[in-house]
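J.: attaching a predicted model along with its sequence, questions to come.
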Amino acid sequence: MSSILIRGGHLIDPASNLDARRDLLLSAGRVAAVDAPGKLDALAAREHAEILNAKGLIVAPGLVDIHVHLREPGQSHKETIATGTAAAAAGGFTSVCAMPNTTPVNDSAETTRWMQSPDRGAVVRVFPIAAATRGSLGEAITEYGALKAAGAVAVSDDGKPILHDAIMHQSLAAAARAGLPVIQHAEDTRQTQGATMNAGAMAFRLGLRGMPAEAESGIVERDIQLLAGLQDSRAHLHIAHLSTAKALEAVRRANRNGLRVTCEVAPHHFALTEEAVGQYDSHARMNPPLRVQSDRAALIQGLLDGSVDAIATDHAPHCVHEKEQEFERTPNGVLGLETALGLALQVLHQKHSLPLSRVIALLSTQPAQLLHLTGRGSLAVGSFADVVLFDATATWTYCAAASKSKSRNTPFDGWTLPGKVHTTLSEGHVVYEGNS
Ligand code: DOR
Ligand code: ZN
C-alpha cells in the first residue's frame, strides 16, 4: 500500500494533545509518523510517498458521527450506504454509526454484518448500531452479545424510545454485561401523540400540536433512575440528539452523582430554533423538534463547558416528494453530514470562541471514545489513517442540489459557512477532494 506525506499543515489532534505545525506520514492505512515540518521528508522519499500539500490547512483526525441514518437495507430510494458515506466523506467524516431503523430493522447479527460488507460500497467506515429490542417494538431485548460479535457498537431503538421501565432496565443490564452503550431516543411518546413541532408560541401560532420539553427530560430522568438502581459501573446510558435545557440539567446531575451518562447534540439544534419552521417549512421538521432560544443557548453552553460529549448529526434523508407534503404529513428528519463541520465552526468557534481543538474533540475524538471505536478519532502513531484537511476560515456555500446524499431535505440550503473541506482520507485513501 502506498504512503502519503501530508506536509506543511497545522495539525490538531486532541487525542495526542497536539495543536501545532506538523507533518504527517501515512503508510499502509495507518499513521506512521508525526513530526516537525520537514523532518519526515527523507523517510517519505525512501517510501516514495505521495506529497499532499496542506499549507494553510488544518489537519485533523477524520470526523466521527455516532448518529446517522443510511437507510439500507430497505429504503434505498432515500439513501444508500454508498451515497450516505459519500456525503460523510464530503463533510470530513471518516466513521459513521448507522441507526437500525431500516427495513427490516437491524436487530440481527446477519443484517449487522450485511451492512459492513464491502459490497455496500461504503467509502468511509460504517459501524452499525443494532436495535435494542426486537423490531424496535420495545417488547423484548435483542441478543447483545451476538450483535456485538457481528460488529455492533451500541444498541438503540432510535426513532422511538425504549418506553417500558422493565424493558429499559433489562436493556441497560444486558448492555452493561456485553460492554455496549444503550442509546436512548428520549421521548415520552405518551406526551407527543400527533405532535409535529416544539410545544410553544410557534406551534400555537401555526395551530400545530407541540412536543413539550418534559417529554424528553422525563425519559432522561427515568433512565437515570434505572441506571442508578442497577449499581453496575459498566452500564453506560447515552442520550441521542439531546435538545432541551431540562434534559441537559438531568445529565449534569447524573454525572455529578458519578453515573456513566453521556449525550450528543445535533448541529440543527444548536444552529436553529423553532422560528425556522416559519410558514410550515418541512425542512425544519425533525424529531426531537427545533426548540426555543433558551434551550438552544443551554445546548451551546453545554458544548462550551464540556457537559455535552459529542456533536452527532442525526443525518436523516427523506425524498423530495415526502418533504413536499403538508407539514403535518411530512416525515421527521434533515440531512446533516455535509454541514456539521461548517455549522460547528460558525456557531461554536466563530460566534462563541470555542477553540478549534475543542470543536475537533466534539466532532471526532470524543465520539470515537464514547463508542470505543479503537484507532479512530486520533492521529497518534498507529491509529487508522483517517484524516480531514480543511480551511477553517475559507467560506463556501452549501448547495443541497449538489449534495452527495440521495436526498435534499436540509434547512441549510444556500447557507454560507466556514470550514471548507479540502481532502478527506479514509484508512489512507483519498475519499473526497473539494475543488478549491
Ligand atoms: O428526525 C428524525 N429522523 N428523528 C428520528 O428520531 C428519526 C429520524 C429518521 O429516521 O428519519
Ligand atoms: Zn436518529
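T.: Great, that's in hand. Numbers count the residues shown, from 1 in each chain. Ligands and ions are numbered 1, 2, ... in the order given.
J.: got the residues of the stretch 201-350 of the chain near ligand 2?
T.: Residues of the stretch 201-350 of the chain lying close to ligand 2 (Cβ under 5 Å from the ion) are Asp314. Every residue, glycine included, has its C-beta placed from N, CA and C.
J.: apply 6 Å and report the result again.
T.: Applying Cβ under 6 Å from the ion, we find that the stretch 201-350 of the chain lies next to ligand 2 at Asp314, Ala316.
J.: in the stretch 201-350 of the chain, which residue sits nearest ligand 2?
T.: For the stretch 201-350 of the chain, the residue closest to ligand 2 is Asp314, as judged by Cβ to the ion, at 4.4 Å.
J.: is that residue in contact with Gly333, as I believe?
T.: Yes: here Asp314 reaches Gly333: they are 7.3 Å apart, a contact under Cβ atoms under 8 Å.
J.: pick out whichever of these two has more residues nearby.
T.: Per other Cβ atoms under 10 Å, whichever of Asp314 and Gly333 has more neighbours is Asp314, with 28 against 22.
J.: now do the helices in the protein.
T.: Counting by DSSP state H, the chain has helices at residues 41-46, 81-90, 109-116, 144-149, 165-178, 201-206, 213-230, 245-256, 267-271, 293-305, 320-323, 340-343, 356-360, 366-370.
J.: low-confidence ranges, this protein, go.
T.: Across the chain, residues meeting the criterion (pLDDT under 70) sit at 1, 436.
J.: get me the contact residues on it for ligand 1.
T.: Contacts of the chain with ligand 1, taken as Cβ under 6 Å from any ligand atom, map to His69, Asn101, Asp158, Gly159, His185, Met286, Asn287, Asp314, Ala316, Pro331, Asn332, Gly333.
J.: mind listing what the first one touches?
T.: For His69, the residues meeting the contact criterion (Cβ atoms under 8 Å, 6 or more residues apart in numbering) are Glu79, Gly84, Ala98, Met99, Asn101, Asp314, His315, Ala316, Pro317, Gly333.
J.: what is the burial count for the closest residue to the fifth one other than its chain neighbours?
T.: Using Cβ to Cβ, 6 or more residues apart in numbering and skipping residues adjacent in sequence, the residue nearest Asn101 is Gly159, 4.1 Å away. Around Gly159 sit 19 other residues, with neighbours defined as other Cβ under 10 Å.
J.: how close does the closest residue to Ala310 other than its chain neighbours get to ligand 2?
T.: The shortest distance from Ala310 to any non-neighbouring residue, by Cβ to Cβ, 6+ apart, is to Pro367 (4.0 Å). From Pro367 across to ligand 2, the span is 14 Å (Cβ to the ion, to the nearest Å).
J.: and the nearest residue to Thr397 once chain neighbours are set aside, how many neighbours does it have?
T.: Once flanking residues are discounted, Thr397 sits nearest to Thr416: 4.9 Å by Cβ to Cβ, 6+ apart. By other Cβ under 10 Å, 10 other residues sit near Thr416.
J.: for the closest residue in space to Glu221 that isn't next to it in sequence, give its distance to Thr330.
T.: Closest residue in space to Glu221, ignoring its immediate chain neighbours: Ala250 at 5.0 Å, by Cβ to Cβ, 6+ apart. According to Cβ to Cβ, to the nearest Å, Ala250 and Thr330 sit 30 Å apart.
J.: which one's more surrounded, these two?
T.: Ala250 (25 against 19).
J.: let me see the contact set for that one.
T.: Going by Cβ under 8 Å, 6+ apart, Ala250 touches Ser217, Val220, Glu221, Ile224.
J.: what about the residue lying closest to the first one once chain neighbours are set aside, how many neighbours?
T.: The one in question is Ser217. Distances taken as Cβ to Cβ, 6+ apart place Lys246 nearest to Ser217, at 3.8 Å, with adjacent residues excluded. Residues lying near Lys246 (other Cβ under 10 Å) number 17.
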